[in-house]
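> My questions are about this predicted structure, shown below with the sequence.
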Amino acid sequence: MKFELQCTAPLSKARAGKIETAHGQIVTPIFMPVGTLGSVKGIHFKDLKDDIKAQIILGNTYHLYLRPGIEIIEKAGGLHKFNGWDRPILTDSGGFQVFSLGDIRKLTEEGARFQSHIDGSRHLFTPESVIDIQRSIGADIIMAFDECTPGDADYDYARKSLELTQRWLERCVKRFDETESKYGYSQSLFPIVQGCIYADLRIKAAEHVASFDSDGYAIGGLSVGEKEEDMYEMIEVVNEVLPKNKPRYLMGVGTPVNILEAIDRGIDMFDCVMPTRNGRNGMLFTRNGIINIKNNKWRDDFSPVDPDGTSFVDHQYSKAYLRHLFLAKEMLGAQIGSMHNLAFYLWLVGEARQQILAGTFKAWKGKMVKQIGKRL
């Protein structure tokens, strides 16, 4: 993988760049639709490519390991061949999913023992096995195994958690270095910076991951219950340490406003379930603000969702029609909502890139943050 930093915006740390992978190019800043099980819920890949303009999608190690299972994916020749997506894929290591299991998982030095949320069967993830699983999945970018610390963790817990994550990272890197891709193309390992909301722990973590000279770096453990201002502060602290010539990936964040604020602070890559999850439930993001399409005020509003036209959806379906679909529980409503929101997110990061290249990002971002965060 190669990363080219093309431009940094005046009065900002916002960056425009280009990532080259075995499955194609990614221009940054970029938002990556979440395809947990190898698919983005309810969205055809043709629509992801042609209308939503997705350049890369995610898969998840935990979920793909449980079903369809690694044996099936290997027989298919990797996830790209199994699902037919021929552009880059990133896999999350499953650390966040194991963290989310709560009482049905146990962390030790060895790894994470957990019960499947599907059938209660027992499993063990170790740093080594997670690398092996992601080698078998065949993603272009794979993540180190970590513990995702809760946003409200006290200092002592966060410190011990980070120390465990650092020891796990050393094992991940060792396993990655002594193994090869199974499908004839290179893969890149991104370490993850943890440390909760404690600046000294975040700095320690960033220095540790930077010492491995990886192809890129991720920031995890944010947007998990902490205050937004703490999240922004941690991004700033970490990005002062991470190498400037490598891509930076903020995991699982967030709202459109969060994304612009993080771009302003030097983040290049994003993912989040919010656009599809909220879209399935009738919350639509637009240039002018946030719409709850189920509200009565849209009952006889026959204008498009976003008059400025952020996606093909906007000019085909009115607010009134979309409201009707949601209230009737017609599955097309959830599909359109998901597609619209994904198209909006991809438009937002694409427009941010253009503003960075033009030298106008800071003023544009200030105006957009006021607009897109409003409830309409």
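Now that the structure is in, tell me what you want to look at. Just so it is clear, the model here is predicted, and its values are computed rather than measured.
> going forward, measure contacts and count neighbours with C-alpha atoms only.
Fine.
> Just read off the phi/psi values of Met269.
Main-chain dihedrals, Met269, degrees, to the nearest 10: phi -130, psi 140.
> residues near it, how many?
Using other C-alpha atoms under 10 Å, Met269 is surrounded by 24 other residues.
> Please determine how far it is located from Lys46.
Separation of Met269 from Lys46 (C-alpha to C-alpha, to the nearest Å): 22 Å.
> what does Leu222 give?
To Lys46, Leu222 is 32 Å away according to C-alpha to C-alpha.
> between those two, who's got more neighbours?
Leu222 (27 against 12).
> Now the more buried one: closest residue in space, sequence neighbours ignored.
In space, and not counting its chain neighbours, Leu222 is closest to Met231: 6.0 Å by C-alpha to C-alpha, 6 or more residues apart in numbering.
> mind listing what the one you found touches?
Applying C-alpha atoms under 8 Å, 6 or more residues apart in numbering to Met231 gives the contacts Ile197, Leu222, Ser223.
> Now name the helix or strand holding Gly195.
Here Gly195, judged by DSSP states H and E, is contained in no helix and no strand.
> residues near it, how many?
Neighbour count of Gly195, defined by other C-alpha under 10 Å: 33.
> Which residue ranges of the stretch 201-350 of the chain form strands?
Here the stretch 201-350 of the chain has its strands, by DSSP state E, counting those that start in this stretch, at 217-219, 248-250, 269-271, 283-286, 289-292.
> Contacts for the third one next, please.
The reference is to strand 269-271. For strand 269-271, the external contacting residues (C-alpha under 8 Å, 6+ apart) are 28-34, 58, 247-254, 259.
> same deal with the last one?
If you take C-alpha under 8 Å, 6+ apart as the criterion, strand 289-292 is touched by Gly282, Met283, Leu284, Phe285, Gln371, Ile372, Gly373, Lys374, Arg375, Leu376.
> For the spatially most distant residue from the centre of the chain, which residues are in contact?
Distance from the C-alpha centroid of the chain peaks at Asp300, with 35.9 Å (C-alpha atoms, centre = their mean). Applying C-alpha under 8 Å, 6+ apart to Asp300 gives the contacts Lys319, Ala320.
> can you rerun that using 10 Å?
Asp300 makes contacts with Ser318, Lys319, Ala320, Tyr321, Arg323, His324, as judged by C-alpha atoms under 10 Å, 6 or more residues apart in numbering.
> wouldn't the fifth one be in contact with Pro304 here?
Pointing back at Arg323 there. No. Judged on C-alpha atoms under 10 Å, Arg323 makes no contact with Pro304 at a distance of 11.7 Å.
> Neighbour count for those two, which is higher?
In this view Arg323 and Pro304 are compared by other C-alpha under 10 Å, and Arg323 has more residues nearby, 23 against 18.
> What distance do you get for Asp271 to Ala205?
Relative to Ala205, Asp271 is positioned 21 Å away (C-alpha to C-alpha).
> Looking at those two, which one has more neighbours?
Ala205 (24 against 20).
> how far away is the more buried one from Tyr217?
Distance, Ala205 to Tyr217, by C-alpha to C-alpha: 11 Å.
> any residues in contact with both of the two?
Shared contacts of Ala205 and Tyr217 (C-alpha under 10 Å, 6+ apart): Pro191, Ile192, Val193, Leu242.
> And these, which is closest to Ser100?
Ile192 (17.2 Å; C-alpha to C-alpha).
> Give me the nearest residue to that closest one, chain neighbours excluded.
Closest residue in space to Ile192, ignoring its immediate chain neighbours: Ala218 at 4.6 Å, by C-alpha to C-alpha, 6+ apart.
> one step back: read off the pLDDT value for the residue farthest from the centre of the chain.
Here the pLDDT value assigned to Asp300 is 97.
> And Thr310, by the same measure?
58.
> follow-up on the earlier one: just put the contacts of strand 289-292 in CSV and tack on distance to His63 and neighbour count.
Formatted as CSV, the contacts of strand 289-292 follow (distance: C-alpha to C-alpha, whole Å; neighbours: other C-alpha atoms under 10 Å):
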residue, distance to His63, neighbour count
Gly282, 26, 24
Met283, 26, 21
Leu284, 27, 25
Phe285, 28, 29
Gln371, 36, 16
Ile372, 33, 18
Gly373, 32, 18
Lys374, 35, 14
Arg375, 34, 11
Leu376, 36, 12
